[in-house]
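> Could you look at this predicted model? Sequence included:
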Amino acid sequence: MNTNFLKLVFLSLLFMACSGDDDAILAEDPDDPNNGDPTTERPYENGIFVVNEGGSEGSISFIPNNLSEIEQGVFSAVNNGEDLGQFVQSIFFDEENAYIIANGSNLITVVDRFTFELQGSLENGLDVPRYGTIYNGKAYVTNQASFSTSDDDYIAVIDLESLTVENEINAGAVVEFIEEHNGQLIIQNASYGMGNQLSVLNPNTNSIIQSIEVGEGLNSMEIVGQSLYALSSEKLVEVDLTNFSIATEIEFDENLQGSANLQISEGILYLTNANEVFTANLSDLAFDETPLLSYTSDSEFGVFYGFLVADGRIFIADAGDFASNGDVFIFDLSGNVEAEFSTGIGPNGFYLN
Amino acid sequence: MYKKLIILLWWITIHTTCFAQKADLDATQNLEEVVITNPQLKDFSTGQYVLKLNDSLRQKNPIRLSELIQLNTPFFIRENGYGMVASPSFRGTTAQQTAVVWNGININSQFNGQGDFNTLLGGNFNRLSIRPGGGSVVYGTGAIGGSVHLDTELQFNQGLSNEVQLLYGEFNTIDSRYRGQFSTKKWSFRWGTNYNYSDNDFPTSGNLNRNTNGRFKHFNINLDAAHQLNKHNLLKYYLWIFDSQRDLPIRRISENRPAYENLDFRNLIEWENKGKNYSSLLRLAYLSEDFSFQENKNRQRKTSNLAETLHLRHDFSYRWKNFKFNSLINYENAKASGDNLNKDQRIVLATSLIAKYEMNKQLTFQASARKEWSNLKDSPLLYSAGINWKATSFYQLKFNASKNFRIPTFNDLFWLNSGNEELRPETAEQFELGHHFHLGKLNFSATAFYNDINQLIRWIPNPNGNWQPENVDRVKTYGGEFTGNYQLNFGDSKLQLNANYALVKSIHQDTKNQLTYTPIHKANFSSAYAINNWRFTHQFVCVGEQFAQTDNNADRVIETYQLHHLLAHYTFAKKPVMQAGIRVYNVFNNRYQSADFRPMPGRMFNLEFLIQL
């Protein structure tokens, strides 16, 4: 009996020998933390951050201004494999820091904007945070809370010294982008093709003081001088910010209906439609009938998932099937390709540093 | 203290005079290809093979079918965290492409088309069989990768018997099972209940040092009855109630804590009429599934949905000389309602015909076809054909080719603002070729398979970011399955070995990449050694690398993992049977995860007690 038992033990051991390492965890990108420019102490001072929403984990990629390469997973690489949470939505900045919002984790991660070293994080008081901006030493972050209603959407007022939410202001409507103008905070009350208004939050009283309807399917807004341009699926509206009223309204022809991703740079207005970019002069808002550029995408929603015009360049992110790495295309203002990179899952935005 | 109370409660419930039932200590732990009681599965599986997981095997495994199948068959179970939603991936197919059949009725969820193998508890069914490969002609939607059959066999003239099994483990894990049966010459009853709970807060190495918000609680009741009216007529009734509450794990303390509840109610009444050459089986089933989801437990808001399904099914089989025929008519009326679904319904009428010809002792042929009509999209004509060739006493060759399907689910069809009623069924044309050897106490099989799956439904975002299902993908899966078992007797001790391996390629035809969360390799091995009143078992499973992204990015994979579990049981009384045991899960404390960011438990200890009266 004993010998048989030994045989059994031996057999088991044979199988144990096939046992691999004990650290069977998800592979992390073993990026060199000194990527970028190892000679400077501020490796991320001159370049573009790309936000990748991620499937189960979002990430930030970095492209230096000379477009020589892309560094993936910047935050994890600099900070010992730490992660940014689920669904990285956006970044906002102050003089020193970058504030990275992860909407699936109710998390804002604060990093030095030039070194990307972790400075702190905010884990309380957020509920599906989306976008933020800074005014007078405080951060204002939109929160969508429950997906099944917009009644509970709010703006979190964050004390940047203590990184705590000191106030929650109910918005009464869905909230998305937020931008400061002249001491007021302008909020886009529209998201995912639903919603049609803008509203103004007075940061001194922490209350919504007025709102205005600008068009169904409102999807983006840009502020230039005393004007706000709001793009919805059927029209472009210019709002005079001195009295918060509609100054100009351009109804789209059929070929521009369903446009998105409004950008304004150096007096030119850009928007995207299907896989094409159209432009107009800000002075007359007359759109060219031929697109400035187009690119090939097989993704209806992932096409132009991120879009930015700045610094003489057009940045385009394509999210593909949202389950594999997306692509970044960089064009000059005439529509010629300057560079092309593969990035992380669901690239949704660019931020110049 | 709590544990003691539970034991006490169980003692109270069985405090009746009972007939002793002979313990089935010799029950082999090996998977066998066996003669089974489900007549359709037995009679009409030509060209395919059926694995049976017997009761004693189920006694030695956690009650959730996920682990039982993962550890003892070549088939892969995707598990979204320990105790969380688990779905099978037979032969590289998707979660919806395995049919779960309860006493002949397809019970895949109307909502998501899946069977959740962490909520299918052992319960009362005493026959658990798995048939890989196509089975839609008889079992309907989802039988592409295979079908899992949960059957309750009701016996007569067995008197009264009761069985209690209690497992208690770390993280406040309770797996308690009770079942009993009573039968006379004309009447037979089986009843049972299960309670499975765990705090499930095992240590992890992520941002949180424990699995957080992972608690689960499952409660199961079964009641079955049969009455022999006369020599030709038998009435049966089956009831299955399942109630489950699960919190879904989070990765960071700041995340919203979701919770998921479901209540399944399954009722089946069956009238069997048997003559010399024919049998007629009329079944009427009413199934309801109710689930509610809370995206954030701190908010009161919940969304709930209900699916109610009525089946009326008639099977008629007739034997003439060397032929066997079976006709089948199935009427199904399924209604959807709830917070997320349009109030709508699907009606399906299906008919099938099967013919089998036993030419001689060596050769058997079978052919069958099915046609369905629906108030939504009709399904294509399905077929199946198979051959068994018993070439020698120890070798058998099996070949089967079939066309199978998976109809869109309620979520696919009726989800508010997303559902797409224009969806067509997924279809799969497939074949398999199997070699089966029986050499004394050694059984071995090797089966090659090929599936061409078309019109795969995938949810993709429309330009507004609203995700909608479309028939967009085509996937080919192919590979091989190997099963083997061997038994050695030396005097009063016995060694049983069981090994399985599957090689599965599941290739998306646009990208030529392997499907995500579908390992190419999966192997398991178990050995059990019994001597005197002791039994020692070693279970091993190895799951190969899985891709987390559709581009098969090598940096984003679920790494290969190997697990070893050890069990020791001691029987300290035989009349009534009383047994105690210990189970050590993940003996080497390997860190592993079953899905992206779903860490799984390290070493865990469980104590077990079994009493059969």
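Thanks, I have it.
> Low-confidence bits of the chain, can you list those?
Chain wasn't specified; assuming chain A. Within chain A, the stretches with pLDDT under 70 are A:1-40.
> The intended chain is chain B.
In chain B, residues with pLDDT under 70: B:1-39, B:122-123.
> Show me the residue sitting in the middle of it in space.
Geometric centre of chain B, nearest residue: residue B:148, 4.7 Å, by CA atoms, centre = their mean.
> secondary structure class for that one?
Classification of residue B:148 using DSSP: H, G, I helix; E, B strand; the rest coil returns strand.
> Where does residue 329 fall, secondary structure wise?
With no chain named, the answer covers chain A. Per DSSP states H and E: residue A:329 is located in strand A:325-332.
> oops, chain B please
According to DSSP H and E, residue B:329 maps onto strand B:323-338.
> just checking, next helix/strand downstream of that strand?
strand B:344-358.
> start to end distance for stretch A:248-260?
18 Å (CA to CA, to the nearest Å).
> So that stretch, near chain B or not?
Yes - judged by CB under 8 Å from any CB of the partner chain, stretch A:248-260 and chain B are in contact via residue A:258. All C-beta spots, glycine's among them, are computed from the backbone N, C-alpha and C.
> tell me which strands and helices the strand holding residue A:329 is in contact with?
Where contact means 3 or more CB pairs under 8 Å, 6 or more residues apart in numbering or on different chains; DSSP states H and E, strand A:325-332 is packed against strand A:59-64, strand A:313-318, strand A:337-345, strand A:347-352.
> and the angle from the longest one to strand A:347-352?
Translated: strand A:337-345. Following axes from the mean of the first three to the mean of the last three CA atoms, to 10 degrees, one obtains 120 degrees for the angle between strand A:337-345 and strand A:347-352.
> Likewise for the second one?
Taking the same axes, to 10 degrees, strand A:313-318 and strand A:347-352 form an angle of 160 degrees between their directions.
> what's the distance between strand A:313-318 and the middle of its chain?
On the basis of CA atoms, centre = their mean, to the nearest Å, strand A:313-318 sits 13 Å off its chain's mean C-alpha point.
> now what about the helix or strand harbouring residue A:246, what contacts it?
Here residue A:246 sits within strand A:245-251, counting by DSSP H and E. With CB atoms under 8 Å, 6 or more residues apart in numbering or on different chains as the test, strand A:245-251 has contacts from A:212, A:214, A:227, A:234-240, A:285.
> need the next SSE after it, C-terminal direction.
Using DSSP H and E, the helix or strand that directly follows strand A:245-251 along the chain is strand A:260-265.
> how far does stretch A:340-353 stretch from start to finish?
By CA to CA, the extent of stretch A:340-353 from end to end equals 19 Å.
> does any bit of it sit next to chain B?
Yes - Stretch A:340-353 reaches chain B (CB under 8 Å from any CB) through residue A:345.
> what comes up buried for that stretch?
Neighbour-count burial for stretch A:340-353 flags A:341-351, A:353 (criterion: 16 or more other CB atoms under 10 Å in any protein chain shown).
> ok, so of these, who is nearest chain B?
If you rank these by distance to chain B using CB to the nearest CB, residue A:345 comes first, at 6.9 Å.
> Spatially, which residue comes closest to residue A:100, not counting chain neighbours?
Excluding the flanking residues, the one nearest residue A:100 by CB to CB, 6 or more residues apart in numbering or on different chains is residue A:109, at 4.6 Å.
> one step back: narrow the contacts of strand A:245-251 to those in strands?
Of these, the ones assigned to strands by DSSP state E are A:212, A:227, A:235-240.
> Just the buried residues from the residues you listed, in ChimeraX please.
Remark: buried members of these, expressed as a ChimeraX selection using 16+ other CB under 10 Å:
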select /A:212,227,235,236,237,238,239
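> Redo the ones in strands among the contacts of strand A:245-251 as CSV? Include distance to residue A:100.
As requested, the ones in strands among the contacts of strand A:245-251 are arranged in CSV below (distance: CB to CB, whole Å):
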residue, distance to residue A:100
A:212, 31
A:227, 30
A:235, 33
A:236, 31
A:237, 31
A:238, 32
A:239, 30
A:240, 34
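> Identify the residue spatially nearest to residue B:328, adjacent ones excluded.
residue B:352 (4.1 Å).
> helices or strands next to the helix or strand hosting residue B:70 in the packing?
For residue B:70, the host element (DSSP H and E) is helix B:65-72. Other helices and strands packing on helix B:65-72, by 3+ CB pairs under 8 Å, 6+ apart, are strand B:51-53, helix B:55-59, strand B:76-79, strand B:127-132, strand B:521-531, strand B:534-543.
> got these as TSV, with mean neighbour count and distance to residue B:373 columns?
Listed next are the helices and strands packed on helix B:65-72 as TSV, based on neighbours: other CB atoms under 10 Å in any protein chain shown; distance: least, CB to CB, whole Å:
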stretch	mean neighbour count	distance to residue B:373
strand B:51-53	21	34
helix B:55-59	19	39
strand B:76-79	24	33
strand B:127-132	23	26
strand B:521-531	21	39
strand B:534-543	20	41
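> To residue B:95, which of the ones you listed lies closest?
strand B:76-79 (6.6 Å; CB to CB).
> For the helix or strand following that closest one, give me every contacting residue.
Per DSSP H and E, the first helix or strand lying C-terminal to strand B:76-79 is strand B:86-89. With contacts defined as CB under 8 Å, 6+ apart, strand B:86-89 is touched by B:64, B:66, B:69, B:75-80, B:95-96, B:98, B:114-118, B:145-146, B:148, B:517-518.
> Give the partner strands of strand B:86-89 in its sheet and their orientations.
With DSSP bridges as the test, strand B:86-89 is paired with strand B:76-79 (antiparallel).
> Let me see the ranges of the helices in the chain.
No chain was given, so I picked chain A. Counting by DSSP state H, chain A has these helices, from start to end: A:2-16, A:74-78.
> that's the wrong chain, I meant chain B
B:2-13, B:39-43, B:55-59, B:65-72, B:136-139, B:410-414.
> With only the CA atoms kept, save the third one in CSV.
Output for helix B:55-59, consisting of C-alpha atoms alone and laid out as CSV, is shown next (Å, rounded to 0.1, in the frame of the first residue of the first chain):
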residue,chain,number,x,y,z
ASP,B,55,-23.3,12.4,-7.8
SER,B,56,-20.2,11.4,-5.9
LEU,B,57,-18.1,13.7,-8.0
ARG,B,58,-20.5,16.5,-7.2
GLN,B,59,-20.3,15.7,-3.6
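> Distance check, the residue of the stretch 501-613 of chain B found nearest chain A against residue A:348.
Using CB to the nearest CB, residue B:551 is the residue of the stretch 501-613 of chain B that sits closest to chain A, at 3.4 Å. To residue A:348, residue B:551 is 18 Å away according to CB to CB, to the nearest Å.
> Repeat that for residue A:74.
In terms of CB to CB, residue A:74 sits 16 Å off from residue A:348.
> try residue B:77
Plainly put, residue B:77 is 34 Å away from residue A:348 if you go by CB to CB.
> Farthest pair within the buried residues of stretch A:340-353?
A:345 and A:353 (22.1 Å).
> so can I have CSV of the ones in strands among the contacts of strand A:245-251 showing distance to chain B?
Below are those laid out as CSV (distance: CB to the nearest CB, whole Å):
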residue, distance to chain B
A:212, 23
A:227, 27
A:235, 17
A:236, 18
A:237, 19
A:238, 24
A:239, 23
A:240, 29
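> The ones in strands among the contacts of strand A:245-251: which two are farthest apart?
The widest separation within the ones in strands among the contacts of strand A:245-251, taken as CB to CB, falls between A:235 and A:240 and amounts to 16.2 Å.
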